[in-house]
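Asks: What shape does this take:
(2 chains)
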Protein chains: 2
Amino acid sequence: MKISEQGAFDLASRLLEAHGAPPEHAALQARALVEAELKGHPSHGLLRLPRLLARIDRGLLAPGATGLHHWTASARLDVEGEDGFGPVVAMTAIRQLEQRVSQTGIAVAAVRNSNHLGMLAWYVEQVAAGGRIGIAMSSSEALVHPHGGTRALLGTNPIAIAVPTAGSPLVLDLATSIVSMGKIHHHAAMGQPIPEGWALDASGQPTTDPVQARAGALTPFGAAKGYGLGIAIELWVAAMAGSALAPDVRGTLDADAVCNKGDVLIVIEPADSPDLLARLADYLDVIRASPSADARSPVRVPGDLAQQRRSEALMRGFDLDPALWAELQALDRSTSLNLEG
Amino acid sequence: MKISEQGAFDLASRLLEAHGAPPEHAALQARALVEAELKGHPSHGLLRLPRLLARIDRGLLAPGATGLHHWTASARLDVEGEDGFGPVVAMTAIRQLEQRVSQTGIAVAAVRNSNHLGMLAWYVEQVAAGGRIGIAMSSSEALVHPHGGTRALLGTNPIAIAVPTAGSPLVLDLATSIVSMGKIHHHAAMGQPIPEGWALDASGQPTTDPVQARAGALTPFGAAKGYGLGIAIELWVAAMAGSALAPDVRGTLDADAVCNKGDVLIVIEPADSPDLLARLADYLDVIRASPSADARSPVRVPGDLAQQRRSEALMRGFDLDPALWAELQALDRSTSLNLEG
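Replies: Below you'll find the model as predicted:
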């Protein structure tokens, strides 16, 4: 079924407020979930809302917390997340980085004990909208095996990079696993096999059975190189945030434990050169206009497809699993009854 | 044939000095080349020395330049490379970043108009040896096609990341192409076909002929994700350094043009937490000890294999193409004759 951006945002923020979130925090968290839906990343969308509500109810997520943001050096912000909403803690940090960076040229925040950020693209494209380069990285639960290994020991360790141009920004957002665990769950729910090369089963053997894969490990993207990038992000984040390493991470996929992964956020001023942003835009246009291997698929720049999906979804709504929508509406009704009762 | 580290270093630094490099600059450039040989990356090793000498002789490389290093903001160093040796300009920048970072927590240098850095791992592992996180990125000539595209429009855009631990550091160093153009040249020289999936020919068709590939484009690693990382590095470097974009880059592979690519160097203080570095080392040991898919190949951490090769090469020497060694010795003899004459 098709859901409108406004309808989804209103329901999500109402539910978050009903569970104790201050209106501003509810709006930020709801916005992060809805943006993921608009851009076609439902695994980081409304699917996560019931779990967030359960986490609040169980005292694992403090909906009023914004985190303790403390400059340990002039360009380094240390953030104790106080179990707050990921988007609230991170956006508070980013606004401070953006203020600081005009004096320092680059500024970084290391965040621990904050909840899941969701889709990282949303953060860095807000930085790029202000004319700066934005980078975001997170660690996560152990879901990915090392290249040449068989055990899930690495997080999916996503990274997002946005660079402003005179046209639309480049917005890269990738997990260092070949696919998300959400996609494996989706195949399991549909009873469809997964392609070879996506995952190993619990015994370390390649599998095309999503149920076996769910109990096993995702494969890193790009063989040794993608594994290398993933483990570098794992260590980089932990070394800056003092957060848990993947085998000890909990709380982004459950409603049972506080969230102890880490995030790193970086804001950088581009060079002060008059034609620079136009030159970057022109280069991206040359790439977009270059000959494609398949005439039906033009060459794309990271962020283009998500932006196109977003524009369409703003006009026509986005697809949502009717069962999830019904669940959210039921939660909404029961909350209203509680408030009235 | 086997060459000793000392023999290679002496010959390289003597040749560089004979062509006008001050002894300290010759030593740094020679060290960068020899370290690449020791770690098993001959494409960034002595193979590049005759071209560097030719570049000096033709006035494209200024062997006495260290670059103009200027803090445009408290944590941002702008570097005009003055056509200097890549290692000289970059190491001068890194030493300044290392001094500054104790006040700022993070510091970045953007370098333009400097020559080829060679193997990026060498720079970041020196940062990690000082207990800090090091990141290095460079842009390069257009050699790589976009994912789904057919034309060489992106640089190989390497990135290196080193994170210190209580044991050996993690040292990642990867190009965003699936292989280096050096490997294609090597296959061409040997008359061997290249594997499918490495490259396209000049008409944009997949090829296993290295001669056709040389005139075509390398494929990005990791499909859309590796392409995304490569183009993000391309824009990130250009946006900070104001350097050329890949189609306009010259001077890392020729002796005909000044070198106008860019480099970004970042130094970061890790969190000040007592058991942090031990925790990172323990985690890497868990990964190394984890079960491997192939009993003959243990699971490795980025940097392990290069470090192992380096240890062996320090003891037994490293393999070098005898023709290249003969060429370097002939250059050495002719230089000595010139000096005597």
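
Asks: what's the distance between A:Phe9 and chain B?
Replies: 28 Å (Cβ to the nearest Cβ, to the nearest Å). Every C-beta, even on glycine, is put in place using the N, C-alpha and C of the backbone.

Asks: ok, now A:Leu15?
Replies: Counting by Cβ to the nearest Cβ, the gap from A:Leu15 to chain B is 34 Å.

Asks: now A:Gly7
Replies: Relative to chain B, and taking Cβ to the nearest Cβ, A:Gly7 is found at 32 Å.

Asks: quick one: contacts for the residue of the stretch 151-300 of chain A found nearest chain B?
Replies: Residue nearest to chain B within the stretch 151-300 of chain A (Cβ to the nearest Cβ): A:Gly222, separated by 2.5 Å. The neighbours of A:Gly222, taking Cβ atoms under 8 Å, 6 or more residues apart in numbering or on different chains as the test, are A:229, B:221-223, B:225-226.

Asks: Could you identify the most distant pair in these?
Replies: For the contacts of A:Gly222, with distances taken as Cβ to Cβ, the pair at the greatest spread is A:Leu229 and B:Ala223 (13.8 Å).

Asks: Neighbour count for the two, which is higher?
Replies: A:Leu229 (28 against 17; other Cβ atoms under 10 Å in any protein chain shown).

Asks: Counting neighbours, what do you get for the closest residue to the more buried one other than its chain neighbours?
Replies: Residue nearest to A:Leu229 in three dimensions, not counting chain neighbours: A:Thr176, with 5.4 Å by Cβ to Cβ, 6 or more residues apart in numbering or on different chains. Using other Cβ under 10 Å as the criterion, A:Thr176 is surrounded by 30 other residues.

Asks: Over to A:Ala12. Which of the three states is it?
Replies: Classification of A:Ala12 by DSSP: H, G, I helix; E, B strand; the rest coil places it in helix.

Asks: Check the closest residue to it other than its chain neighbours and give its pLDDT.
Replies: Nearest residue to A:Ala12 in three dimensions, chain neighbours excluded: A:Ala30, at 3.7 Å (Cβ to Cβ, 6+ apart). On the pLDDT scale, A:Ala30 is placed at 98.

Asks: cool, the one 10 residues further on as well?
Replies: The predicted local confidence for A:Gly40 comes out at a pLDDT of 95.

Asks: Surely it and A:Gln307 touch.
Replies: No. A:Gly40 is beyond contact range of A:Gln307, at 10.4 Å (criterion: Cβ atoms under 8 Å).

Asks: Show me where the stretch 201-341 of chain A dips below the pLDDT cut-off.
Replies: A:338-341 (pLDDT under 70).

Asks: got the contact list for the most centrally placed residue in chain A?
Replies: Geometric centre of chain A, nearest residue: A:Met119, 2.3 Å, by Cα atoms, centre = their mean. With contact set as Cβ under 8 Å, 6+ apart, A:Met119 has these partners: A:32, A:35-36, A:39, A:41, A:44, A:173.

Asks: Would you mind giving the residues you listed as JSON lines with neighbour count and secondary structure added?
Replies: As requested, those are exported to JSON lines (neighbours: other Cβ atoms under 10 Å in any protein chain shown; DSSP: H, G, I helix; E, B strand; the rest coil):
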{"residue": "A:Ala32", "neighbour count": "25", "secondary structure": "helix"}
{"residue": "A:Glu35", "neighbour count": "23", "secondary structure": "helix"}
{"residue": "A:Ala36", "neighbour count": "23", "secondary structure": "helix"}
{"residue": "A:Lys39", "neighbour count": "25", "secondary structure": "coil"}
{"residue": "A:His41", "neighbour count": "19", "secondary structure": "coil"}
{"residue": "A:His44", "neighbour count": "24", "secondary structure": "helix"}
{"residue": "A:Asp173", "neighbour count": "25", "secondary structure": "strand"}
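
Asks: filter these by proximity to chain B?
Replies: By Cβ under 8 Å from any Cβ of the partner chain, no member of the contacts of A:Met119 lies near chain B.

Asks: Among these, which one sits closest to chain B?
Replies: Of the contacts of A:Met119, the one sitting nearest to chain B (Cβ to the nearest Cβ) turns out to be A:Asp173, at 8.4 Å.

Asks: Got phi/psi on A:Ser168?
Replies: Backbone geometry at A:Ser168, expressed as degrees, to the nearest 10, gives phi -80, psi 150.

Asks: got a list of what the residue nearest to A:Leu229 touches?
Replies: A:144, A:154, A:156-159, A:220-221, A:226-227, A:229-230, A:233.

Asks: Secondary structure for these - can I get that in JSON lines?
Replies: Shown next, in JSON lines, are these (three-state DSSP):
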{"residue": "A:Val144", "secondary structure": "strand"}
{"residue": "A:Leu154", "secondary structure": "strand"}
{"residue": "A:Thr156", "secondary structure": "coil"}
{"residue": "A:Asn157", "secondary structure": "coil"}
{"residue": "A:Pro158", "secondary structure": "coil"}
{"residue": "A:Ile159", "secondary structure": "strand"}
{"residue": "A:Pro220", "secondary structure": "strand"}
{"residue": "A:Phe221", "secondary structure": "coil"}
{"residue": "A:Gly226", "secondary structure": "helix"}
{"residue": "A:Tyr227", "secondary structure": "helix"}
{"residue": "A:Leu229", "secondary structure": "helix"}
{"residue": "A:Gly230", "secondary structure": "helix"}
{"residue": "A:Ile233", "secondary structure": "helix"}
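
Asks: Nearest to B:Asp83, out of the residues you listed: which one, please.
Replies: Of the contacts of A:Thr176, the one sitting nearest to B:Asp83 (Cβ to Cβ) turns out to be A:Leu229, at 32.2 Å.

Asks: Show me which positions of the host helix or strand of A:Ala278 end up buried.
Replies: Per DSSP states H and E, A:Ala278 falls inside helix A:276-288. By 16 or more other Cβ atoms under 10 Å in any protein chain shown, the buried positions in helix A:276-288 come out as A:276-277, A:279-281, A:283-284, A:287-288.

Asks: Same check on stretch A:129-137?
Replies: So, applying 16+ other Cβ under 10 Å, buried residues of stretch A:129-137: A:132-137.

Asks: Could you point out which of those is nearest to A:Arg51?
Replies: Among the buried residues of stretch A:129-137, and counting by Cβ to Cβ, the member closest to A:Arg51 is A:Ala136, at 21.2 Å.

Asks: Would you mind naming the residues that bridge with the closest one?
Replies: Bridge pairing for A:Ala136 (DSSP bridges) gives the partners A:Ala160, A:Leu265.

Asks: again, but for A:Leu170
Replies: A:Leu170 forms beta bridges with A:Val163, as assigned by DSSP bridges.

Asks: any idea where the helices of chain A begin and end?
Replies: Secondary structure of chain A, counting by DSSP state H: helices at A:5-18, A:23-38, A:49-57, A:86-104, A:121-129, A:181-190, A:210-214, A:223-241, A:276-288, A:304-316, A:322-340.

Asks: on that earlier part again, distance-wise, check the residue of the stretch 151-300 of chain A closest to chain B relative to A:Leu170.
Replies: 19 Å (Cβ to Cβ, to the nearest Å).

Asks: With adjacent residues omitted, what lies nearest to A:Ile3?
Replies: A:Leu320 (4.7 Å).

Asks: Test my guess that the one you found contacts A:Glu5.
Replies: No. Here A:Leu320 does not reach A:Glu5: they are 11.5 Å apart, not a contact under Cβ under 8 Å.
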